[in-house]
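> Output the structure for:
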Amino acid sequence: MSKGTKLIVVVRDPVTRAISDYTQTLSKKPDIPTFESLTFKNRTTGLIDTSWSAIQIGIYAKHLENWLLYFPIGQILFVSGERLISDPAGELGRVQDFLGLKRIITDKHFYFNKTKGFPCLKKAEGSSKPHCLGKTKGRTHPDIDQEVVQRLRDFYRPFNMKFYQMTGQDFGWD
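The predicted structure follows:
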């Protein structure tokens, strides 16, 4: 691999990411156990099951430690999934800058699709119609017990703090 390889990593609140991953799996396998039961090794003690991939994926600091063995931090751009939704042109501006590209994607290229809950491109290159994320994106998440959500927030907090320190960015998850 080229020494100049750059990585672009989209991250989002790990609790939301876990619920989203579960929702995607649920859409394919409707008979899976509840999110709450998959989250814990032992619900009584509150021990989180870190072997579940939906939990593992959001421990960004752990993943970054591995990536830093191969890539300097300056060659990795962390894109906020939340800001990609709330300010797509701003986040894509950061991507264009990181890649050394002229900023050509701006606010005028997007509109917000209320049904999906995501921004869409007004008109895809070479097409006469707008382009939105596919039907697998923007699904309604199941209602999750708020106590479970809070337990996950508490679980991820130290990992998030370490990730913020490692990247020099505070993503505001909590």
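> For the rest of this, base every contact and every neighbour count on C-alpha atoms.
Fine.
> L26 is in contact with I32, correct?
Yes - in this structure, I32 is within contact of L26 by Cα atoms under 8 Å, at 6.6 Å.
> quick one, which of those two is more surrounded?
L26 (17 against 13; other Cα atoms under 10 Å).
> Could I get the contacting residues of the more buried one?
Contact analysis of L26 by Cα atoms under 8 Å, 6 or more residues apart in numbering lists I32.
> tell me the mean pLDDT for the strand or helix carrying it?
For L26, the host element (DSSP states H and E) is helix 14-28. In this model, helix 14-28 has a mean pLDDT of 93.
> What residues of the following helix or strand past that helix count as buried?
Per DSSP H and E, helix 14-28 leads on to helix 35-39 as the next helix or strand towards the C-terminus. By neighbour count on 16 or more other Cα atoms under 10 Å, the buried set for helix 35-39 is F35, L38, T39.
> can you point me to the longest helix in this protein?
Identified as the longest helix of the chain according to DSSP state H is helix 146-167.
> Give me the residues contacting that helix.
Contacts with helix 146-167, where a contact means Cα under 8 Å, 6+ apart, come from 14-15, 36, 46, 48, 58-62, 64, 73, 78, 170-171, 173-174.
> Buried residues, it. List them.
148-149, 151-153, 155-157, 159-161, 163-164, 167.
> Need those residues in JSON lines (columns: distance to Q96).
Shown next, in JSON lines, are those (distance: Cα to Cα, whole Å):
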{"residue": "V148", "distance to Q96": "38"}
{"residue": "V149", "distance to Q96": "35"}
{"residue": "R151", "distance to Q96": "37"}
{"residue": "L152", "distance to Q96": "34"}
{"residue": "R153", "distance to Q96": "32"}
{"residue": "F155", "distance to Q96": "34"}
{"residue": "Y156", "distance to Q96": "30"}
{"residue": "R157", "distance to Q96": "30"}
{"residue": "F159", "distance to Q96": "28"}
{"residue": "N160", "distance to Q96": "26"}
{"residue": "M161", "distance to Q96": "27"}
{"residue": "F163", "distance to Q96": "23"}
{"residue": "Y164", "distance to Q96": "22"}
{"residue": "T167", "distance to Q96": "19"}
